[in-house]
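Colleague: dropping a prediction and its sequence here:
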Amino acid sequence: MSTIWPRSKNAREERIDTPFGAPSDSYFTGDSRRRAGRVSFRGTPAGTASAPTEINYRANICGFKILGCDAILSASAVRQPEGRIRRRGHAVVPDQFVDRTRHRRDTFFGEGLVAHVVSGGPGLPGSLGRARGERPRLPAWRCIAGGTYVCMEGPQFSTRAESFLYRSWGADVIGMTNLTEARLAREAGDLLRERSRS
């Protein structure tokens, strides 16, 4: 997960402790057109890496909230079943997700804290518009607004039968991380709003 503001001014490294453990890496913050931050979810400068299921998504998202982040743009490598997206180099901004994960901690709730979180539109309102606004910065890419992302557990890829199934569902891309990030980001936003009301 990272932002797309590579030329931030006054960039600085920040290490953050969270109630959910240590994030995957340091956060790098700075000023561009707006305040921006970055954290590597899959690996660290030391060269260590985590499988998708081993990533501490809760700590990563919590760290962004501690920094005051109010929106996250997450980028990940995906593959696609045969469908409307047929060439590499396309950037897809999904607006729907299918969850095929099984073994990861994917909620801030539980252990005495109970809530129901609306997930009909997993992205934040306006996220597609923001992504369209960034399209001029990516001249070599074709940006496709909207699509369905199947989030699989990993690290194994789909069987052929599963790929046929996802295609029949109308899936556009298949990946291993974005749904977990999107759900936790939504929960973190809801938690913040509830606290501000109390």
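Modeller: Thanks, I have the structure now.

Colleague: low-scoring pLDDT stretches of this protein, where are they?
Modeller: Along the chain, segments meeting pLDDT under 70 span 1-10, 31-48, 82-88, 122-141, 190-198.

Colleague: can you map out the helices along it?
Modeller: Assigned by DSSP state H, the chain shows helices spanning 57-66, 127-134, 160-168, 178-197.

Colleague: spit out the contact partners of the closest residue to residue 66 other than its chain neighbours.
Modeller: Once flanking residues are discounted, residue 66 sits nearest to residue 16: 5.6 Å by C-beta to C-beta, 6 or more residues apart in numbering. C-beta: built from backbone N, CA, C; applies to glycine. Each residue near residue 16 by C-beta atoms under 8 Å, 6 or more residues apart in numbering is listed here: 23, 27, 63, 66, 67.

Colleague: and the second one, how far from residue 11?
Modeller: To tie it back to what came earlier, the one meant is residue 27. Counting by C-beta to C-beta, to the nearest Å, the gap from residue 27 to residue 11 is 11 Å.

Colleague: and these two? which has more neighbours close in?
Modeller: residue 27 (21 against 16; other C-beta atoms under 10 Å).

Colleague: my guess is that one meets residue 14, correct?
Modeller: Yes: the criterion here is C-beta atoms under 8 Å, and residue 27 meets it with residue 14 at 4.7 Å.

Colleague: so what's in contact with those two at the same time?
Modeller: Contacts common to residue 27 and residue 14, judged by C-beta under 8 Å, 6+ apart, are residue 67.

Colleague: for the residue nearest to residue 80 when sequence neighbours are not counted, give me its contacts.
Modeller: Nearest non-adjacent residue to residue 80, counting by C-beta to C-beta, 6+ apart: residue 173, 5.0 Å away. Contact analysis of residue 173 by C-beta under 8 Å, 6+ apart lists 78, 79, 80, 85, 92, 94, 147, 148, 149, 150.

Colleague: count of residues packed around the first one?
Modeller: When counting by other C-beta under 10 Å, one arrives at 19 neighbours for residue 78.

Colleague: got a list of what it touches?
Modeller: Neighbours of residue 78 in contact, by C-beta under 8 Å, 6+ apart: 92, 149, 173, 174, 175.
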